[in-house]
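Enquirer: Fold the following and give me the result.
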Amino acid sequence: MLNLEDRDYCRSALRGVSRTFALGIELLREPLRDEIGVAYLICRVLDTIEDTTSLPARARAALLEDFAANFDAPHNWPMLAAGVERMFADTSLGGADHELCRNTTRVLRAFHGFRQGARDAQRQSIIEMAHGMAETVRREESGQGLRLEDEEDLKRYCYYVAGTVGKLLCNEWALDRKSITPAIKAALDERAISFGLGLQVTNIIKGVTDDIGRGVAYVPNRLFTAAGIDLATLLENPNDPRGREVVAGLAGMTLAWLDEALEYTLTVPRTERDIRLFCALPLVFAVRTLARSLKTTDVFSESVLKITRDEVAAIHAEVDAAIADDAKLRTIHQRERAEVLAEIEKAKAAARR
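Expert: Numbering: from 1, shown residues only. Below you'll find the model as predicted:
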């Protein structure tokens, strides 16, 4: 049974590590609210292990493999949690994500308080994510940091960190809601990976500058080569129009996945308002962010690309009013999508001049 103190900690921690996802998770009815919330926190722990490049790559990769092997083992998970907490014991590693890692015991204890079906629904995706992240970290061991070469390389990376989450969510929806019949779940499964990929690449666009600061480049090198620029030059000269060409290449790829994410959302029965809202809100946020990334010369600046609280509130109100109406949701998506397409064309035109 879920310990109430662990539940309260996880709810509080969720708000600290995510603004927009916390909004969607808190809209879910129980028990999904806490089950998806804790799953998200576990994924953030894994992501933080992967991202903390100031710690040795070999130790991080080993810890991720240990996580895959033991996070759901009844007798082994406490030792695993203690290992994560030791790795992040240095409080000079600041920020909400590192603080979350220092409380891994609470998060995994909450996971082990769930009903068996929920643990089963999440297990395989978390294992696959941990293995994939370990593979990513091992690429750093050459001492040259992490670089992705092409779109397939990016897609493989994003599958491990986000596509797996799409599969986890489908399992949870089917477990908890009778309306998610086997046929509907199969239709959701077909698009679950695209749902995760679209949201993840949007996050990558927002975080490029921070990523470079820690020796990581998730934007495929092929896009920079095609635009005739390298990332270092772009960061030094953010007004260079070739930078928008790079973002346009990413945005075009991402938009196709977000179109699939819309179909994923509309496949959820209209009666499941909370699940639809959980899916629709980050989708609209992502398409809005793509358009913004192409409207600014600060192409990889999170402070510029971040959606304001007022925008979040306005989008939430609009989507909430339309959530049971497929035609209205399509209209919202098409409106936001048209902005992205228009900006892609502008970026291409500027690059040709």
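Enquirer: Output the below-cut-off pLDDT ranges for the stretch 251-353 of the chain.
Expert: 296-305, 350-353 (pLDDT under 70).
Enquirer: go on, the chain?
Expert: 142-146, 207-217, 238, 296-305, 350-353.
Enquirer: which helix in it runs the most residues?
Expert: helix 182-213 (DSSP state H).
Enquirer: Tell me how far that helix lies from the chain's centre.
Expert: Between the centre of helix 182-213 and the centre of its chain there are 6 Å (C-alpha atoms, centre = their mean, to the nearest Å).
Enquirer: List the buried residues of that helix.
Expert: 184-185, 187-189, 191-202, 204-209, 211-212 (16 or more other C-beta atoms under 10 Å). Every C-beta, even on glycine, is put in place using the N, C-alpha and C of the backbone.
Enquirer: who's in contact with the nearest residue to residue 163 once chain neighbours are set aside?
Expert: Of all residues not flanking residue 163 in the chain, residue 193 sits nearest, at 3.9 Å (C-beta to C-beta, 6 or more residues apart in numbering). Residues near residue 193 by C-beta atoms under 8 Å, 6 or more residues apart in numbering: 159, 163, 166-167.
Enquirer: Looking at the residues you listed, which is nearest residue 3?
Expert: Nearest to residue 3 out of the contacts of residue 193 is residue 167 (C-beta to C-beta; 27.4 Å).
Enquirer: and the closest one, what element?
Expert: According to DSSP states H and E, residue 167 maps onto helix 164-176.
Enquirer: Which secondary structure elements does that helix sit against?
Expert: helix 32-51, helix 116-138, helix 182-213 (3 or more C-beta pairs under 8 Å, 6 or more residues apart in numbering; DSSP states H and E).
Enquirer: what's the closest of these to residue 91?
Expert: helix 32-51 (14.5 Å).
Enquirer: any idea which helix or strand comes after that closest one?
Expert: Where DSSP H and E defines the elements, the next helix or strand beyond helix 32-51 is helix 57-70.
Enquirer: Which strands or helices does that following helix pack on?
Expert: helix 32-51, helix 77-87, helix 116-138.
Enquirer: how about 10 Å then?
Expert: On a contact count with 3 or more C-beta pairs under 10 Å, 6 or more residues apart in numbering; DSSP states H and E, helix 57-70 meets helix 32-51, helix 77-87, helix 104-111, helix 116-138.
Enquirer: Domains in the protein, by residue range?
Expert: For the chain, automatic domain parsing gives the domain ranges 1-142, 145-353.
Enquirer: Can I get stretch 125-137 in PDB? Just the C-alpha atoms.
Expert: What follows is stretch 125-137, C-alpha atoms only, in PDB (Å, rounded to 0.1, in the frame of the first residue of the first chain):
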ATOM      1  CA  SER A 125       9.400   0.500 -20.200                       C
ATOM      2  CA  ILE A 126      11.600   1.600 -17.200                       C
ATOM      3  CA  ILE A 127      14.000  -1.300 -17.800                       C
ATOM      4  CA  GLU A 128      14.200  -0.500 -21.500                       C
ATOM      5  CA  MET A 129      14.800   3.200 -20.700                       C
ATOM      6  CA  ALA A 130      17.600   2.400 -18.200                       C
ATOM      7  CA  HIS A 131      19.400   0.100 -20.600                       C
ATOM      8  CA  GLY A 132      19.100   2.700 -23.400                       C
ATOM      9  CA  MET A 133      20.400   5.500 -21.200                       C
ATOM     10  CA  ALA A 134      23.300   3.300 -20.200                       C
ATOM     11  CA  GLU A 135      24.100   2.800 -23.800                       C
ATOM     12  CA  THR A 136      24.000   6.600 -24.400                       C
ATOM     13  CA  VAL A 137      26.300   7.300 -21.400                       C
END
